[in-house]
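In: quick one, what's the 3D model for this:
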Amino acid sequence: MCCVCRQKNAELKLQDRWKCPNPECQTEHQRDENAVVNIFVEGLRILAEGRSVSACGGTVRLACELKHVPVKQETSLETSSHAA
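Out: Next up is the predicted model:
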């Protein structure tokens, strides 16, 4: 999918570079860089909606939805009471 105009290229093979088939776009892409942009944009869209998404049949909680539980901190040992 072109990260500029969102047109899908159904004929895309595993080649390093491709040109968007949209006649108004014609952007040339490095395959991996284009994929990174598409993944990033989709992640931003999901975060903007503020909802969970499905991953491998499970539900993934977004980081902003996690509630942090305080962890009990251990007290330091008093060495003054054990002085010789």
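In: residue ranges with poor pLDDT in this structure?
Out: Along the chain, segments meeting pLDDT under 70 span 1, 9-10, 12-16, 51-84.
In: the helices in it, which residues?
Out: Assigned by DSSP state H, the helices in the chain fall at 31-49.
In: got the residue ranges for the strands in it?
Out: For the chain, the strands defined by DSSP state E cover 17-19, 28-30, 53-55, 58-60.
In: got the contact list for the second one?
Out: Same thing as strand 28-30. Outside strand 28-30, the residues that touch it by Cβ atoms under 8 Å, 6 or more residues apart in numbering are Cys2, Cys3, Asp16, Arg17, Trp18, Lys19, Cys20. Using the backbone N, CA and C atoms, a C-beta is placed for each residue, glycine as well.
In: quick one, which of these are buried?
Out: Buried members of the contacts of strand 28-30, counted by 16 or more other Cβ atoms under 10 Å: Cys2, Cys3, Trp18, Cys20.
In: how about CSV for these, with distance to Val36 added?
Out: As requested, the buried ones among the contacts of strand 28-30 are exported to CSV (distance: Cβ to Cβ, whole Å):
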residue, distance to Val36
Cys2, 14
Cys3, 9
Trp18, 15
Cys20, 16
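In: can you pick out the most distant pair from those residues?
Out: Greatest spacing in the buried ones among the contacts of strand 28-30, by Cβ to Cβ: Cys3 and Trp18 (11.8 Å).
In: ok, the nearest residue to Cys20 once chain neighbours are set aside - contacts?
Out: Nearest residue to Cys20, sequence neighbours excluded (Cβ to Cβ, 6 or more residues apart in numbering): Cys2, at 4.0 Å. Each residue near Cys2 by Cβ under 8 Å, 6+ apart is listed here: Lys8, Asn9, Cys20, Asn22, Cys25, Thr27, His29, Asn34.
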